[in-house]
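Undergrad: Here is a sequence with its predicted model. Questions after.
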Amino acid sequence: MACRQLYPPSSDSETHRIDIFAVHGLNDRSKDISAHAWDTWRTPEGPEGRLWLQEDLPRVVPDARIFLYEYDSKAVFGKDRSTFIDKASELLETVRCERDKKDTRPILFIGHSLGGLLIKQALINAHNNPKFTEIKDVTTGLAFFATPHNGGDWKLVSLGSLVARVATATGFQPGDDVMEVLKEGSLFSDILTEMWQHQLTKYDIISFWGSEDYVVPPKSAKLGLPGNVENVVKLNGDHSSLCKIGTAQKDQDNLKKIRRNIEDIYSKALEKQPQPAVSASASQPAIPTINGWNGQERPSPPVLPPRPRSAQNIPGRRSVTPQPPAFFTSPPPPPDQDPGYGPPEPPAEIPFGDIYLPTDPADPRSVRQAELRNANKWDEVRQLDRQAFEEHQRTLGQENAETISAAYQIADTANDTGYLLDCERWVDWALQVGSTFLSPKHPVILKLNRLKGEVLTEKGDLEEAENLLANTLVDQQDALGNNDLDTLTTERALGVVCFALGRLDEAQNRLEHRLQGLSEVLGANHVLVISAVMDLIEINTPSPDSDPYGLQKTNPKVISAEAGLRDLYAKLRQSLGPTNRVTLRALRNHGKLKILLGDITEAGDLLRRAKSQTEETLGKDHPDTMASVTAMAILYSKTGNPGSFPAALRPWMEIYLQWLEPRKGIKTTEAQNALAMLGMSYMNEGLLAEAEEYFEKLMNSYQGTKKQGGSEAQKVGQMLDMCRIATRSFVGGSRRRNGGGAGGNGGGAGGRGEGSGGGDLANLLATLGLGRR
């Protein structure tokens, strides 16, 4: 009996927070023990089959270690009750040996058919044996595939008859030991006790049943527990096939249900896991894109500036020390250190204010919009935006400033919530209609131009974005004044572009001017002023993914900034609450600095907390949640060799890419970077067919853009050609195997370590501006 770790590679396991153990059922009568353990979950059978536990499940449970349990089920189910109990304890011992002492990491068990009964007996044993009690205590979720629970019927004879049908389906005949023992049913007397039924209610349970399963019918495949404990889910397939996932549409439909339900119990397990108190490190590493804008608008009055985004990772960044505001005062640095952010002194006033303010305090609709935005009720915000637009369009017509203003509001909300393509469509429509009757310097036209500049920035059209934003800023300064909130919003957008273009001094000056203006208008301790401070911290400290060799851990600016953000986060958490978006942003940035300081374990804890709290507050599809996801990808990039993009980061980047494509398309810099990282990660591991898929999509993303035919596209084209040649020259580059992909650990084409293409990968990284040097 043994566990085989499917994900991640053993060397990448340190930062994973949940253990998942998959337990197969009764072996086919003539099948090898190991082969049955693997083939229970893969299709087609054999080493070439697709193992969804390894290939697909990590995408929704990226923080998990996933194990496959091998055992001789004929020995387990073919003897007497005492043997069955002993074999269940062997499962517990195997699990115990895979975990550290005092390990509080939650456990999820997945069982197929009679494997589910073995899991249940194991948990009963753990309840009664102090040696294994910790395993029972940290087990939070159970997923059963076609397990004969008998619908909660406690009759031994009834359950024995049902289980015997399973044996018949796997090739056993009347008279076989297995058949006779199972038919009697006495093996399972513990499972049917009232004490065990009570114990079951402590777990989050999924019971999957097959639409074509005539061995364990629907009524028998469920425990009969309340809906808040057990979720009963129908899958398409028979008793054997419902836990195998191939490429057929039926299997992919099943996979969607399986992944979502396992993700649910996985998320609940994370929530139940004991969390360390917030200490001198509290956030998560930032990402190579803009974190998340929160915009606000107004038809004529000035608008509250959007919530700042994290700057993009630009190669060659250098630090310029900004002047912190009053509440973030640093002590004088030692003579041998550069000045930087140090732990802040207690502010004269505690942080205050809302991210969004009503555009017109006398307008109930405007007040309600601000309330909903601050409460993060974005569905209601969108509904109110749409109602306002439709009402103005119906009563005032399209060619009216109020209608165009309402269209801007829809676009701004789309931008806030990550729907760049929708934002661009609304901006283009509003500018096309509005420019026919409004002055080019009308406030709403200027705001639309600013939003258009932000869209161009995200699409990588930096020179065009800079030109549009610079002209808009001048017009707003003339029409509204330097410290108008709309003007300051545009100044920040222009600072982001300057930073992306490598003009760091200019970016620094613009962000500092914005900080000063916000302080004068809103007060030195307003949350938007604090957020502006974090803008400056971000451009004055390296991004973790630009420091592959860990050289920044002694950087005095990083050290002092980490101490300052630690204290700032504590103040924000106390005054604004742990779920305020500025508080969560401080948490993420603090984690990013922790990565730079080499505190990977602590950074991981903080990043997971930030992701969990952001997801709970804003939803799993909000841009701030995706900022946490990409931050986790950066964290896991540190688990491999510098610049290697290890397998552990892939689930996070794939989640992010799946979010990006429908919202922003694949032509944005964010999507192109994600495609490049995934392509190179698969190539490093020798999975050339998968790498080819991502490089091909990356090449398609350049079509019709300024990058088409450029050096970046040429380099990616070379990598794509390498993959195509390799995958057509030998068999094996496309399927992950138990022992690894083609190329092994540094052998064949595209393999890890010294395999061909290593230098080209490094050059491609530099070409793509991913900060790996």
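TA: That came through fine. Computed from a predicted model, the values in this text were never measured in an experiment.

Undergrad: Counting neighbours, what do you get for Asp721?
TA: 12 (other Cβ atoms under 10 Å). Any C-beta I mention is one placed from the backbone N, CA and C, and that applies to glycine too.

Undergrad: Would you mind pointing out the helix or strand it falls in?
TA: Assigned by DSSP states H and E, Asp721 falls within helix 711-729.

Undergrad: just checking, what packs against that helix?
TA: If you count contacts as 3 or more Cβ pairs under 8 Å, 6 or more residues apart in numbering; DSSP states H and E, helix 711-729 packs onto helix 669-684, helix 688-701, helix 758-768.

Undergrad: Of those helices, give the one that comes closest to Ala500.
TA: For Ala500, the closest of these is helix 669-684, at 8.7 Å, according to Cβ to Cβ.

Undergrad: and the closest one with helix 688-701, angle?
TA: Relative orientation of helix 669-684 versus helix 688-701 (axes from the mean of the first three to the mean of the last three Cα atoms, to 10 degrees): 160 degrees.

Undergrad: Now helix 669-684 - C-alpha only, CSV.
TA: Output of helix 669-684 as CSV, limited to C-alpha atoms (Å, rounded to 0.1, in the frame of the first residue of the first chain):
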residue,chain,number,x,y,z
THR,A,669,0.0,42.7,-22.6
GLU,A,670,-1.4,40.8,-19.6
ALA,A,671,-2.7,38.0,-21.7
GLN,A,672,0.4,37.8,-23.9
ASN,A,673,2.6,37.6,-20.8
ALA,A,674,0.5,34.8,-19.4
LEU,A,675,0.6,32.9,-22.7
ALA,A,676,4.4,33.2,-22.8
MET,A,677,4.9,32.1,-19.2
LEU,A,678,2.6,29.0,-19.7
GLY,A,679,4.3,28.1,-23.0
MET,A,680,7.8,28.3,-21.5
SER,A,681,6.7,26.4,-18.4
TYR,A,682,5.4,23.5,-20.4
MET,A,683,8.5,23.6,-22.7
ASN,A,684,10.9,23.5,-19.7
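
Undergrad: looking at it, Gly607 is touching Arg588, isn't it?
TA: Residue 607: Leu, not Gly. Yes: using Cβ atoms under 8 Å, Leu607 is in contact with Arg588, at 7.4 Å.

Undergrad: quick one on the thing from earlier: distance to Lys244 and mean pLDDT added to the helices and strands packed on helix 711-729, as CSV?
TA: Output for the helices and strands packed on helix 711-729, formatted as CSV (distance: least, Cβ to Cβ, whole Å; pLDDT from 0 to 100):
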stretch, distance to Lys244, mean pLDDT
helix 669-684, 23, 89
helix 688-701, 20, 91
helix 758-768, 35, 43
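
Undergrad: right, so those: which one is the most enclosed?
TA: helix 669-684 (a mean of 26; mean count of other Cβ atoms under 10 Å).

Undergrad: Compute the inter-axis angle for it and helix 711-729.
TA: Using the same axes, to 10 degrees: helix 669-684 against helix 711-729 is 30 degrees.

Undergrad: Just give me the residue right at the centre of this structure.
TA: Val629 (3.2 Å; Cα atoms, centre = their mean).

Undergrad: Can you pull out the low-pLDDT segments for this protein?
TA: Within the chain, the ranges that satisfy pLDDT under 70 run 10-15, 29-30, 75, 77-80, 151-164, 167, 169-198, 273-349, 642-643, 729-773.

Undergrad: all strands for it, in order.
TA: Assigned by DSSP state E, the strands in the chain fall at 2-7, 18-23, 42-43, 50-51, 64-70, 107-112, 139-145, 204-210, 230-235.

Undergrad: Relative to Glu654, which of those strands is closest?
TA: Short answer: strand 2-7, nearest of these by Cβ to Cβ, at 13.1 Å.

Undergrad: show me the contacts for Ile206.
TA: Counting by Cβ atoms under 8 Å, 6 or more residues apart in numbering, Ile206 makes contact with 141-144, 230-231, 233, 261-262, 264-265.

Undergrad: still on that earlier bit, next one: the residue nearest to the centre of the chain from Glu538, what distance?
TA: 18 Å (Cβ to Cβ, to the nearest Å).

Undergrad: what's the neighbour count on the nearest residue to Trp209 once chain neighbours are set aside?
TA: Spatial nearest neighbour of Trp209, chain neighbours left out: Ala221 (3.6 Å); criterion: Cβ to Cβ, 6 or more residues apart in numbering. Counted with other Cβ under 10 Å, residues neighbouring Ala221 total 29.

Undergrad: how close does Ala221 get to Val233?
TA: For Ala221, the distance to Val233 - Cβ to Cβ - is 10 Å.

Undergrad: quick one: the nearest residue to Leu438 once chain neighbours are set aside and Ser366, what's the gap?
TA: Excluding the flanking residues, the one nearest Leu438 by Cβ to Cβ, 6+ apart is Ile445, at 5.4 Å. According to Cβ to Cβ, Ile445 and Ser366 sit 20 Å apart.

Undergrad: Same check on Leu501?
TA: 36 Å.

Undergrad: what about the helices and strands packed on helix 711-729, which gets the closest to Gln718?
TA: When the helices and strands packed on helix 711-729 are compared by Cβ to Cβ, helix 758-768 sits nearest Gln718, at 6.8 Å.

Undergrad: Arg588 touches Arg608, doesn't it?
TA: No: if you go by Cβ under 8 Å, Arg588 and Arg608 don't touch, sitting 11.5 Å apart.

Undergrad: quick one: which of the two has more around it?
TA: Remark: of Arg588 and Arg608, Arg588 carries more neighbours, 29 against 21, as counted by other Cβ under 10 Å.

Undergrad: got the contact list for Ala88?
TA: Shown in contact with Ala88 (Cβ under 8 Å, 6+ apart): 118, 121-122, 124-125.

Undergrad: and with 10 Å instead?
TA: 76, 117-126, 132, 190 (Cβ atoms under 10 Å, 6 or more residues apart in numbering).

Undergrad: do the same with Thr139
TA: 19, 21, 95, 106-109, 119, 122-123, 126, 202-203, 269 are the contacts of Thr139 under Cβ under 10 Å, 6+ apart.

Undergrad: In TSV: those, plus neighbour count.
TA: Output for the contacts of Thr139, formatted as TSV (neighbours: other Cβ atoms under 10 Å):
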residue	neighbour count
Asp19	25
Phe21	22
Val95	21
Pro106	24
Ile107	22
Leu108	25
Phe109	27
Ile119	23
Ala122	28
Leu123	25
Ala126	24
Lys202	13
Tyr203	19
Ala269	25
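
Undergrad: Tabulate the residues you listed (JSON lines), appending distance to Tyr694.
TA: Formatted as JSON lines, the contacts of Thr139 follow (distance: Cβ to Cβ, whole Å):
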{"residue": "Asp19", "distance to Tyr694": "29"}
{"residue": "Phe21", "distance to Tyr694": "31"}
{"residue": "Val95", "distance to Tyr694": "35"}
{"residue": "Pro106", "distance to Tyr694": "32"}
{"residue": "Ile107", "distance to Tyr694": "33"}
{"residue": "Leu108", "distance to Tyr694": "29"}
{"residue": "Phe109", "distance to Tyr694": "33"}
{"residue": "Ile119", "distance to Tyr694": "37"}
{"residue": "Ala122", "distance to Tyr694": "40"}
{"residue": "Leu123", "distance to Tyr694": "41"}
{"residue": "Ala126", "distance to Tyr694": "43"}
{"residue": "Lys202", "distance to Tyr694": "42"}
{"residue": "Tyr203", "distance to Tyr694": "38"}
{"residue": "Ala269", "distance to Tyr694": "31"}
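
Undergrad: Stretch 714-723: which residues count as buried?
TA: 715-717, 719-720, 722-723 (16 or more other Cβ atoms under 10 Å).

Undergrad: just how off-centre is it within its chain?
TA: 28 Å (Cα atoms, centre = their mean, to the nearest Å).

Undergrad: the inter-axis angle of the longest helix seen in the chain versus strand 107-112?
TA: Secondary structure of the chain per DSSP state H: the longest helix is helix 249-272. Relative orientation of helix 249-272 and strand 107-112, computed by the same axes, to 10 degrees: 150 degrees.

Undergrad: buried ones in helix 249-272?
TA: 251, 254-255, 258-259, 261-262, 264-270.

Undergrad: by contact count, what packs against it?
TA: In this structure, helix 249-272 packs against strand 18-23, helix 52-55, strand 64-70, strand 107-112, strand 139-145, strand 204-210, strand 230-235, helix 600-618, with contacts taken as 3 or more Cβ pairs under 10 Å, 6 or more residues apart in numbering; DSSP states H and E.
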